[in-house]
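Trainee: Take this sequence and fold it.
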Amino acid sequence: MPHPKMISADCKLVRNDSINRDIFRLVFAWQGTGQMKYPAPKAGQFFMIKPKRGSVFLGRPISAAKWQAGTLTFLIALRGRGTEELAQINTGEKAVLTGPLGKAWMDFLPPVKKGAKKHIALVGGGIGLAPLNALLYESPGHVFDLYAGFKKSIKSIKEKNAFLDPDITGIRKLNLVSEDGKTGQKGFVTDFFEPEKYDAVCACGPQPMLKIIAEKCRNAGVPCFVSLERRMACGVGACLGCTVKTVSGNRRCCADGPIFNAQEVFFDE
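Mentor: Predicted coordinates for the structure are as follows:
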């Protein structure tokens with residue numbers, strides 16, 4: 001199916017939650033009125049978000065984590081001046097949201113034939129769980145196992161519900177891993193992931209994690225798709241500032257991605 005066209009709209013902030021010292025959650029109204037209905041994103045797509053009150057000239061690319069009842073939810077890590085200004089938006093204030101942008105997970109996953117479900121592994125590291133959560137909400141008829149890796153243990157229900165939304169259904173098996181072992185098993189999520197039993201793998205998280213996942217899938221002959229992160233200026237492929245090196249040459253993370261076939265990406269470049 002073709003993706004909905006992107007729009008740019010002034011959207012009111014409905015909710016701003018501090019999840020922990022490094023991560024916060026923003027919920028924006030995303031509905032439109034009359035014949036101007038705002039397009040719903042597909043899982044894996046992102047938006048450029050720019051506060052109406054702020055000093056940063058360009059928006060920040062953030063993957064959608066959830067959309068329902070006329071709202072869009074984003075889980076955001078504090079990583080500089082742009083995200084700091086996003087964290088300071090007050091409820092009722094507005095930001096410019098441009099999107100939905102980029103490709104979706106369903107552009108890559110194998111189609112589901114009637115009566116024959118596909119088994120898909122979702123592998124997320126920390127904030128990388130957000131676009132994977134969005135895929136679970138779409139419930140496209142696949143059977144999902146979710147592997148969630150954390151650098152630090154989850155210390156509160158609020159954190160757990162932010163990373164692993166309690167409203168999500170459709171997970172056959174949930175595998176929790178943390179480096180200190182206080183949340184789930186001890187180690188790295190890549191230590192416990194075995195691709196051989198899956199029809200495809202979707203992964204989002206730190207680049208070293210994605211590289212290991214891609215190598216494991218290559219050795220097992222299992223299709224692997226990764227959501228990559230790059231610094232972006234325009235978000236629509238015009239500035240060529242978010243290059244991803246692939247076997248087919250340089251690609252644009254915003255317009256050609258952010259999701260790529262892992263076997264085509266040079267992770268060391």
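Trainee: Other residues contacting stretch 148-164?
Mentor: With contacts defined as Cβ atoms under 8 Å, 6 or more residues apart in numbering, stretch 148-164 is touched by 17, 19-20, 23, 25, 75, 123-126, 129, 133, 146, 174-184, 188-190, 205, 209. No exception for glycine: its C-beta is placed from N, CA and C like everyone else's.
Trainee: mind redoing it with 6 Å?
Mentor: 19-20, 25, 124-125, 129, 176-180, 182-183, 189 (Cβ atoms under 6 Å, 6 or more residues apart in numbering).
Trainee: swap in stretch 65-81?
Mentor: Under Cβ under 6 Å, 6+ apart, the answer for stretch 65-81 is 14, 22-28, 30-31, 40, 62, 64, 83, 127, 130, 133-134.
Trainee: Recalculate using a threshold of 8 Å.
Mentor: 11, 14, 19, 22-31, 40-41, 47, 49, 55-56, 62-64, 83-84, 86-87, 97, 126-127, 129-131, 133-134, 137, 162-163, 165.
Trainee: swap in stretch 229-245?
Mentor: By Cβ under 8 Å, 6+ apart, the list of residues contacting stretch 229-245 reads 6, 46, 48, 58-59, 61, 98-99, 101, 228, 250-258, 260, 265-266, 269.
Trainee: Tell me where the model's unsure across the stretch 51-200 of the chain.
Mentor: For the stretch 51-200 of the chain, the stretches flagged by pLDDT under 70 are 140.
Trainee: What segments of it are strands?
Mentor: Per DSSP state E, counting those that start in this stretch, the stretch 51-200 of the chain carries strands over the ranges 60-63, 66-68, 71-77, 94-101, 119-125, 143-150, 171-178, 185-186, 200-204.
Trainee: May I see those arranged in a markdown table, with distance to E215 as well?
Mentor: What follows is the strands of the stretch 51-200 of the chain, written out as a markdown table (distance: least, Cβ to Cβ, whole Å):
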| stretch | distance to E215 |
| --- | --- |
| strand 60-63 | 24 |
| strand 66-68 | 31 |
| strand 71-77 | 25 |
| strand 94-101 | 29 |
| strand 119-125 | 13 |
| strand 143-150 | 16 |
| strand 171-178 | 18 |
| strand 185-186 | 21 |
| strand 200-204 | 12 |
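Trainee: Using a markdown table, lay out these together with mean neighbour count.
Mentor: Shown next, in a markdown table, are the strands of the stretch 51-200 of the chain (neighbours: other Cβ atoms under 10 Å):
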| stretch | mean neighbour count |
| --- | --- |
| strand 60-63 | 25 |
| strand 66-68 | 17 |
| strand 71-77 | 21 |
| strand 94-101 | 22 |
| strand 119-125 | 24 |
| strand 143-150 | 22 |
| strand 171-178 | 16 |
| strand 185-186 | 14 |
| strand 200-204 | 26 |
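Trainee: nearest to E194, of those?
Mentor: Smallest distance to E194 across the strands of the stretch 51-200 of the chain (Cβ to Cβ): 8.7 Å, for strand 119-125.
Trainee: Quick check: neighbours of that closest one in the sheet, parallel or antiparallel?
Mentor: strand 143-150 (parallel), strand 200-204 (parallel) (DSSP bridges).
Trainee: How far does stretch 131-149 sit from its chain's centre?
Mentor: Taking Cα atoms, centre = their mean, to the nearest Å, one finds stretch 131-149 lying 11 Å from the centre of the chain it belongs to.
Trainee: Need the distance between the two termini of that stretch.
Mentor: Criterion Cα to Cα, to the nearest Å; first-to-last residue distance in stretch 131-149 is 14 Å.
Trainee: Nice, that's everything, thank you.
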